[in-house]
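1. Based on what follows, work out the 3D shape:
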Amino acid sequence: MRIGELADATGTSARALRHYEQAGLISSERAANGYRLYDAGTVVRVRNIRQLLDVGLTLDDARVFLPCLDGDVAAGPASEKGLRVAADRLAVLEARIAAQVAVRDRLATALRQAGGSAPAPPAARHQATGAHAPPATATPHQAAGTEVRTVA
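-> The predicted structure follows:
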């Protein structure tokens, strides 16, 4: 299948597919006219790559999962290396979230001190509406109530 067909089948862009190929996650052959040709099994591999990216892993992180990208990545037992990569990525994401929360809080404080109106912090907004706020350390997936499982 050509790159456009693979892009349509996987809901991704041709540019992303070329990037995945450059990163060594997928491969193609070249037709006589120079067009990339992909095996039909590449659809599963690209969908698995997208799943890994959707839970916050990077393309470099996804390399750890190469041995299982052609099957159901969620079906097998988790490998130690895969769990370590996911835990490391989660720590990076939590550090970024904490840094952004600190910046938001400093800006809100500065606005209040300047006499401007700053929106209440998320926890206060949730308390006022009776809704439950996700814990401050929750990842976006935890806050959304989705489970993140990685396997290799």
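2. which residue is nearest the centroid of the chain?
-> Gly56 (2.6 Å; CA atoms, centre = their mean).
3. Please, where are all the helices along this structure?
-> For the chain, applying DSSP state H gives helices covering 3-10, 14-22, 42-54, 59-62, 80-113, 122-129, 140-144.
4. can you redo those helices as JSON lines with distance to Ala74 and mean pLDDT?
-> Where you see a C-beta, it was placed from the backbone N, CA and C, and this is true even at glycine. Shown next, in JSON lines, are those (distance: least, CB to CB, whole Å; pLDDT from 0 to 100):
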{"stretch": "helix 3-10", "distance to Ala74": "17", "mean pLDDT": "97"}
{"stretch": "helix 14-22", "distance to Ala74": "19", "mean pLDDT": "97"}
{"stretch": "helix 42-54", "distance to Ala74": "8", "mean pLDDT": "96"}
{"stretch": "helix 59-62", "distance to Ala74": "14", "mean pLDDT": "95"}
{"stretch": "helix 80-113", "distance to Ala74": "11", "mean pLDDT": "95"}
{"stretch": "helix 122-129", "distance to Ala74": "31", "mean pLDDT": "58"}
{"stretch": "helix 140-144", "distance to Ala74": "14", "mean pLDDT": "43"}
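5. any idea which of the ones you listed is most buried?
-> When you average the neighbours per residue for each of the helices of the chain (mean count of other CB atoms under 10 Å), helix 42-54 leads with a mean of 19.
6. So which elements touch that helix?
-> Applying 3 or more CB pairs under 8 Å, 6 or more residues apart in numbering; DSSP states H and E, we find helix 42-54 packed against helix 3-10, helix 14-22, helix 59-62.
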